[in-house]
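>>> Just a sequence and a predicted model for now, questions to come.
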Amino acid sequence: MSVTPALIRALERIVGPEGVVATPEGRLTYECDMHTFYKGAPDAVCLPTSTEQVASVVRLCLEGRVPLVPRGSGTGLIGGAMAPHGGVMVSTTRMNRILDVDLPNRCATVEPGLINLWLTNAVKERGYFFAPDPSSQMVSSIGGNASTNAGGPHCLKYGITVNHVLGLEVVTGAGEVVRLGGKVQERPGYDLTGVVVGSEGTLGILTQVTVRLLHAPAAVKTALAVFSSVEDASEAVSGIIAAGIIPAALELLDAPIIRAIEEGIGAGYPKGAGAVLLIELDGPRAEIETQARRAAEICRDRQALEIRVARDDAERALLWKGRKEAAGAVGRLTPNWLLQDAVVPRSKLPQIMREVVTISGRYGLVIANVFHAGDGNLHPLICYDDREPGQLERAVQANEELLRACLALGGSVTGEHGVGVDKAKSLALQYAEADLNFMARLRRVFDPQNVMNPGKLLPSHPACGEALQPPGAGRLPAGTWV
Amino acid sequence: MPVSSHALTDALSGIVGKDRLLTDSASLARCAVDGALPVWIVRPESVDDVSRLLRLAAEERLAVAPRGSGTLMGLGNPPRRLDGVLDLSGLAAVVDYEPADLTATVQCGISLAALAPRLAAQRQFLPLDPLDGSARSVGGVLATNASGPLRYRYGTPRDLLLGVRFVQADGTVTWGGARVVKSVTGYDIPKLMVGSLGTLGVLVEATLRLHPLPGAERTWLVTFPTAEQAAGLLAAILDSPLQPNRLAILSGTAVAGRAAGGAAVAVSFGSVPEAVTAQGEDLVAIARGEGGRVTTAEGGFWARPWRFPAEATVMLKVAAPPSEAAALCGEIQRLAGELGIAAGILGEAGNGVLHLAVRGNLPAADWDTRLITPLRERVTPAGGSVVVERAPREVKERLDVWGPVEPTTLALMKRLKSEFDPLGTLNPGRYVDQI
Amino acid sequence: MSIRSETLAGAGQLGAFDLRDPPDLEGIRACVHCGICLPQCPTYRVLGEEMDSPRGRIYLMRAAAEGRVGLTPTLVRHLDLCLGCRACETACPSGVPFGRLLEATRGQIARRAPRPLGERLLSGALLGLLSHPKRLGWALGAARFYRQAGLQRLVRATRLLAPWSRLRALEALLPASPPGGDGPLPEVLAARGKQRGTVGLLLGCVQRLAFPQVNAETARLLTWAGYEVLVPRDQGCCGALHLHTGRIDEARALATHLLARFGREVDFLVTNSAGCGSAMREYPHWLAADREVEAFALKVRDVSELLAEADLPLRRLDLTVTYHDPCHLAHGQRVRLEPRKLLAAIPGVRLVELADSDLCCGSAGVYSLLEPEMAGRLLEWKVQRIAATGAGVLATGNPGCLLQIARGCRERGLAIEVLHPVELLGRALPETEGIE
């Protein structure tokens, strides 16, 4: 179970000496993803350039039962792309080609290291786009998006990554290269593509991804609705969904976030507002015009103070800039924060937001909110200062209480960030032992020797000798994806 | 340890009650699985019943076939073993429906037809429209991954199933997924269950993503003398910002009674009335440019049952790259003409999935060598497949109804099956490669 | 798995750093490890390795500050490979001052992590040459002789320098034709028409010798724009190259000299060299906090900024032009729109965007000489993208980029003119008899 000099030499024979990082300094830089609280440096990093190389690396590690940790751009928020048990990290950054763009069949096949936005950039002139848009899309890889089943603001209308993955090529934990799904949208047999998407590298390493491309909508309309309270804004969200309007995106930002954005970026959000909703509709022009009128009525019924519609692309871009860089601006509110990614049924939004206020008061901590309201996917940012004794502990408790409150309302532990090491223990809040046992057995089918990303996704894994650190104490000051 | 049939009957009726255990020959014949007669039928009333029944089946090494509405009991290979049928039509409750969440949790035995009015009252719907009608159960639709023309906009069961409760082969009640629209907590177990034909677990409860019913919907029919001529229109629709909610290509006997001409492309737009009209106008312009004859369909176009599958001798599901849909329709019609059989095709044209119903008298060998094998040879190189969904027994015996699965992938599927159903309790033999 | 270790700040030490110009800890801490910088980083684009990305380099600096790693040869190697292009700063949502962190770390390395003698001699010699116009002038004279005597063709033909990649890189940079120079500019040039203000013109070490015509055109255009132009003698060097290579004290001495030569009477201090402009704007950080220094830094302008506001009587030039963003203009000074605006303002010019226009060309001061392999790969990409534009002229406002890109196009047989924007503008401007 250890990485020996002989193993390093064997890795070098597979990927070439320039494809192996074994220096302490180099390995150090791979010890964490964006959730820098969780650190674990791999014993070696290799940077393969082909499926064959990945397969050879996996088979080599299988011989010695050496843990394998896949990594894309390392932008995850869950401690997924770090090596809690050492071993060999497989970085896909050198596998970043677009292999095939097939517009008549509205799909593309790419290598896993390709950056999400680069795919859209490659097809947008021809009127197409890749729908999943995590806030990290300018850096995160499509392989990483598929591995974590990433979401994003526009997933409200278009669905999350799994709805856009047609096929995969995977090197499983058993060392086989399997091709699942593909350009043709149906195949006989189990939907293993759907199972591997979101498996966070615990079933295998992705080496190719075939994704859907969508045609750009005819028209887009973006508006900002201003409210005096989060509760009114939440009621408006529920009202819009209940009225049968599914916007492309429906994002809620509360007062602390608005203040931070206006101080930092200046997106033109009204400073005194209690909350704003960023509403984007896209589709046939006549449809979005009608829906926009109806959504505006609903907002006004819920005491909206003002509704502003972006007049052009520049105004739309500014509204989105505020939203997308919101988290970066939070650094202006607080030196440290904890980020929650839980989900509630959308009708429970007003209720959970009241709960957030209660928890914030009880722990004496500011909780800022900027989230995918239309999906009920919360991202409360629990602000604290680790220089103040006791604040970190209180923040961890508040975080835990919030998660439990979401689950008590019938929610989910994580809406889009994933499990990683961060939430592995929290799975028991959502699933019974039998459910988790089923997942553990599924994992064993793909990874009989427990080498694939041990310590991630499930609460206890046979390969995970020691207990993990309790989740929650990560420092994520500014720039986190939410 | 095998028990006597008398003791087994007692055990079964001890679980579900005497009146929910059927052993009369008429019932057994009605519940035959692809011609194989079960020894008994049980109609559980609760998830716990299902759990106890499966535990009993596992202990007694019995083989069980779950059954929803019974529509597709001929799908797959004939069962390798069959003792009992688990008739789930009694598990038909709506467990939870909060319209404001656009989700519903239902028991899997409920039929689409029974669920639809509940949802429609809130101007919502479950956009699954399998060809064989709304009598089908939710569980059956999920387990067979059934779809229809609504798929173009709303996806397939995999896109709509958020959470699922199922009973494993050993009776363990298990939940996967979530009750909310967005969740990445753990593995996506619902994906594994969709299309698995009850071979990994018996689906008993599903949380489904619903959609708002469009305020207005209208359908346009564009007819062409041949299916090939529809290719340009389909390509133009796909390469446009139009948002049809249904897109289908019809050819052969599928056209009869629905439209005139050799082949038709049926497009419906569902939205606010203004957007329906505006998109319809755009479509008409494109369609005329492609040389099609445009008419509007009457209101019940999609609601009327499709007759052509009911009369078919052989039903095939052909999957190919979407861009080949029209050409493939044409090729199939030509092939049918040569064989002197009548073919009807309803194709989910934007997704490359064709439902092909063929009526005629051919020797069993000819169905295989002159129709199915050539079709497989045609679509397999591009990653396509041909699944024989219905065929006379002697045809099925000659061929692999599911078609080939790539060996390493198949090996993985077999490991899954043996992990979760090591005794072969659930639908043994019916799924791919008779697993 | 370990928990974040706390900073180990022993007496007189900051982990592996000493307290003489250490990298700013708050600046390092501002990095939240989000990775937005990765795709913008040229070395990450080429290598795909975390430790050769901005995020990784900051992580190494942080680890050094925390005492988790020393200034080891491996760490030095990863920092050496950084071009200092500062594209990561443009991308960073948290405002990490990467350039300063890098320069401070390089300062520590230069003083405390001795390099092999050969490397020190080479970088010292290069700096000594490039920052002293007289020596550079001599060297260029020798180079002209080398070329005119046919030695260049001989050397290139026989690949005589093949084993010495760095010397080869220097040789390859030499322009194909010797730059013409019309002698030094006068110390004062009067404004044409209504005077808008007085500017001081920085001549730049490389610019004044390799591209004297760029300085001449700069001065002429500024007078047309209504500025009186002062060209102080004995300006010396701005110190940019020294700063980039960690020779912080030398940079300070040069900056102090430069400040003294440009008095307070100018409204703007104008440069046509992106690297110089960027360094001068950073003076307040490196020199003691001083109102005079701050006032000086605030007066620094790239020539394109002043000309973009002017109303120049430009004639028609029927050309397709593409523009490469010099790193120290786009990222170091956030000047992107003005050069494009200027070029597009020339009647008849069709400005086409260059893909990855703000991705470093590999020049990066003396980088192309010190790291010819990485520089060569970036140049390869740059030339490919330039070729794809189909433009007849590539414009860019930095002498290093001009030399590097011209070399790349020459070597790959791409027939394209590589010009400073002011040269193109100069062509469109009516001839003037001498300089008024």
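Great, that's in hand. Residues are numbered from 1 along each chain as shown, chains lettered A, B, ... in the order given.

>>> Could you check how many residues crowd around B:E406?
Using other Cβ atoms under 10 Å in any protein chain shown, B:E406 has 14 neighbouring residues. Where you see a C-beta, it was placed from the backbone N, CA and C, and this is true even at glycine.

>>> roughly how far out does the helix or strand where A:V220 lies sit from the chain middle?
According to DSSP states H and E, A:V220 maps onto strand A:219-227. Taking Cα atoms, centre = their mean, to the nearest Å, the mean C-alpha location of strand A:219-227 is offset from the chain mean by 24 Å.

>>> Contacts for the following helix or strand past that strand next, please.
Counting by DSSP H and E, the element after strand A:219-227 in chain order, helix or strand, is helix A:230-242. Residues outside helix A:230-242 that contact it (Cβ atoms under 8 Å, 6 or more residues apart in numbering or on different chains) are A:225, A:227, A:247, A:250, A:252, A:254-255, A:274-277, A:279, A:295, A:298-299, A:301-304, A:346-347, A:349-350, A:353-354, A:357, A:369, A:373-374, B:99-102.

>>> the domain parsing of chain B - what is it?
Annotated domains of chain B cover B:5-89, B:94-212, B:214-420 [automatic domain parsing].

>>> Looking at those domains, spot the one closest to A:R97.
For the domains of chain B, proximity to A:R97 was assessed by Cβ to Cβ; domain B:214-420 is nearest, at 20.1 Å.

>>> most neighbours per residue, which of the domains of chain B?
Comparing the domains of chain B by mean neighbour count (mean count of other Cβ atoms under 10 Å in any protein chain shown), domain B:94-212 ranks first with a mean of 23.

>>> Tell me where the model's unsure across the stretch 301-436 of chain C.
Scanning the stretch 301-436 of chain C for pLDDT under 70 picks out C:432-436.

>>> change it to 80
Along the stretch 301-436 of chain C, the model assigns pLDDT under 80 to residues C:431-436.

>>> which residue ranges form the strands in it?
Along the stretch 301-436 of chain C, the segments classed as strands by DSSP state E, counting those that start in this stretch run C:319-323, C:349-352, C:393-395, C:417-419.

>>> got JSON lines for these, with mean neighbour count and distance to C:C41 too?
JSON lines is the format used below for the strands of the stretch 301-436 of chain C (neighbours: other Cβ atoms under 10 Å in any protein chain shown; distance: least, Cβ to Cβ, whole Å):
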{"stretch": "strand C:319-323", "mean neighbour count": "21", "distance to C:C41": "21"}
{"stretch": "strand C:349-352", "mean neighbour count": "17", "distance to C:C41": "25"}
{"stretch": "strand C:393-395", "mean neighbour count": "24", "distance to C:C41": "23"}
{"stretch": "strand C:417-419", "mean neighbour count": "20", "distance to C:C41": "25"}
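
>>> need those strands in JSON lines with distance to chain B, can you?
As requested, the strands of the stretch 301-436 of chain C are arranged in JSON lines below (distance: least, Cβ to the nearest Cβ, whole Å):
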{"stretch": "strand C:319-323", "distance to chain B": "31"}
{"stretch": "strand C:349-352", "distance to chain B": "27"}
{"stretch": "strand C:393-395", "distance to chain B": "36"}
{"stretch": "strand C:417-419", "distance to chain B": "40"}
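
>>> Just put these in CSV and tack on distance to B:F420.
Compiled in CSV, these are given as follows (distance: least, Cβ to Cβ, whole Å):
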stretch, distance to B:F420
strand C:319-323, 60
strand C:349-352, 59
strand C:393-395, 63
strand C:417-419, 66
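
>>> what residues are up against the most centrally placed residue in chain C?
Chain C has C:G275 as the residue nearest its centroid, 3.0 Å off, counting by Cα atoms, centre = their mean. C:G275 makes contacts with C:A240, C:L241, C:P326, C:H328, C:G332, C:G365, C:N398, C:P399, C:G400, as judged by Cβ under 8 Å, 6+ apart.

>>> And for the residue in the stretch 301-436 of chain C that chain B sits nearest to, the neighbour number?
Nearest to chain B in the stretch 301-436 of chain C, going by Cβ to the nearest Cβ, is C:A355, at a distance of 25.0 Å. Applying other Cβ under 10 Å, we find 14 residues neighbouring C:A355.

>>> Repeat that for the one 10 residues further on.
Using other Cβ under 10 Å as the criterion, C:G365 is surrounded by 26 other residues.

>>> is the residue of the stretch 351-482 of chain A found nearest chain B in a bridge, and if so with what?
Distances between the stretch 351-482 of chain A and chain B by Cβ to the nearest Cβ are smallest at A:S412, namely 3.6 Å. For A:S412, the beta-bridge partners are A:V343 (DSSP bridges).

>>> circling back to that earlier point, for the domains of chain B, give me CSV that also has distance to A:V57.
Formatted as CSV, these follow (distance: least, Cβ to Cβ, whole Å):
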stretch, distance to A:V57
domain B:5-89, 39
domain B:94-212, 24
domain B:214-420, 18
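
>>> May I see the buried residues of stretch A:361-377?
Using 16 or more other Cβ atoms under 10 Å in any protein chain shown as the test for burial, stretch A:361-377 gives A:363, A:365-377.

>>> Would you state the helices of the stretch 1-150 of chain A in chain order?
In the stretch 1-150 of chain A, the helices defined using DSSP state H, counting those that start in this stretch lie at A:5-15, A:24-28, A:51-64, A:116-123, A:142-148.

>>> elements contacting the helix or strand C:L102 falls within?
Element membership of C:L102 [criterion: DSSP H and E] is helix C:98-112. Applying 3 or more Cβ pairs under 8 Å, 6 or more residues apart in numbering or on different chains; DSSP states H and E, we find helix C:98-112 packed against strand C:17-18, helix C:25-29, helix C:54-65, helix C:73-80, helix C:87-91, helix C:240-244, helix C:248-261.

>>> Alright, I will stop here.
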